[in-house]
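Novice: no sequence for this one, just the structure:
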């Protein structure tokens, strides 16, 4: 399996899923959906609006870093939006726009866009000054995917804690095409 074949479909499926969760929030709780963008799981955690942006940020970071490309100006804009989302949470429409930007980025990638020597070094510096020295494979496996899922699942947990009716089926809709005929419960 290549890094492109691992990351691009995973990111694509789950970004579409995140978009669906936000649409459900708007449909189920139209008067509360925008306010949910400020909801947090704990006082020292970022709000939903940041979790959405940082989910998108993880996708962009991995795509550019694994290609050895500099981050575009829009990357820093997304970072700042996420960091300041408690003061300026934006709207569900803005969040959906950010998700669509990531999906568009993924759709435009060549089939081998993230390939290369999987043992190539990647120095990954985080905002507190710590630097992780990883291979491309380690970066994808041990940083890019876990960080993506951390922010994605925190968004899911916030939406659930705010009363949005989400369940396991909402988390794995991309798996339904693989259900063996005749094995679906109740069907």
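Specialist: Done, it's in. Just so you know, these numbers come straight off a predicted model, no measurement behind them.

Novice: Report the contact partners of the most centrally placed residue in the chain.
Specialist: With distances taken as C-alpha atoms, centre = their mean, the residue of the chain nearest its centroid is residue 55 (2.9 Å). Contacts here follow C-beta atoms under 8 Å, 6 or more residues apart in numbering; on that basis residue 55 touches 15, 18, 148, 151, 152, 155. In short, each C-beta sits where N, CA and C put it, glycine included.

Novice: what about the strands in this structure?
Specialist: Assigned by DSSP state E, the strands in the chain fall at 121-125, 131-135.

Novice: among the ones you listed, where is the model least confident on average?
Specialist: Here the strands of the chain differ in mean pLDDT, and the lowest is strand 121-125 at a mean of 92.

Novice: mind checking how far that one is from the chain centre?
Specialist: For strand 121-125, the separation from the chain centroid amounts to 20 Å (computed by C-alpha atoms, centre = their mean, to the nearest Å).

Novice: And that strand, what's buried?
Specialist: The neighbour-count check on strand 121-125 (16 or more other C-beta atoms under 10 Å) flags 122, 124 as buried.

Novice: Report the separation between residue 166 and residue 157.
Specialist: Residue 166 sits 10 Å away from residue 157, going by C-beta to C-beta, to the nearest Å.

Novice: Compare these two (neighbour count), which wins?
Specialist: Neighbours were counted for residue 166 and for residue 157 using other C-beta atoms under 10 Å; residue 166 has more, 18 against 15.

Novice: Next up, the contacts around the more buried one.
Specialist: Counted by C-beta under 8 Å, 6+ apart, residue 166 has contacts 21, 24, 156, 159, 160.

Novice: same thing with residue 108?
Specialist: If a contact means C-beta under 8 Å, 6+ apart, then residue 108 has no contacts.
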